[in-house]
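Peer 1: Give me coordinates for this.
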Amino acid sequence: MVRAALVKVSHFPSSGMATRARGRATIRRAVLPRFPFTIVYVDDAAAIVVIAVAHTSRKPGYWRSRIAKRR
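Peer 2: Below is the predicted model of the structure:
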């Protein structure tokens with residue numbers, strides 16, 4: 001299930017819902033078939049970086065600090 005979603009994201013990186021932009025990179029979310037899980041990733045020109053596979057109801061936004069570390 002996660003692997004299939006990652007393959008889809010790698011083939012169609014702009015298919016995830018854009019949540020906000022940081023600099024030149026865009027943060028996107030792809031909802032997994034077993035909701036409420038999402039893949040949070042950054043789609044920039046060089047690569048697709050997975051920030052988190054997150055549960056949407058437990059500790060929402062815990063992954064936001066990972067974006068700051070990436071810069």
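Peer 1: which other helices and strands contact the host helix or strand of residue 40?
Peer 2: Assigned by DSSP states H and E, residue 40 belongs to strand 37-43. Contacts defined by 3 or more C-beta pairs under 8 Å, 6 or more residues apart in numbering; DSSP states H and E place strand 37-43 against helix 2-11, strand 25-31, strand 48-55. The C-beta positions use only the backbone N, C-alpha and C, and glycine is treated the same way.
Peer 1: Strand partners (parallel or antiparallel) of that strand?
Peer 2: strand 25-31 (antiparallel), strand 48-55 (antiparallel) (DSSP bridges).
Peer 1: Tell me the pLDDT of the nearest residue to residue 41 once chain neighbours are set aside.
Peer 2: Leaving aside its chain neighbours, residue 41 sits nearest to residue 50 (4.9 Å; criterion: C-beta to C-beta, 6 or more residues apart in numbering). You'll see residue 50 listed with a pLDDT of 89.
Peer 1: same question, the one 5 residues further on
Peer 2: We note a pLDDT of 84 for residue 55 in this prediction.
Peer 1: OK, contacts around it?
Peer 2: Counting by C-beta atoms under 8 Å, 6 or more residues apart in numbering, residue 55 touches 36, 37.
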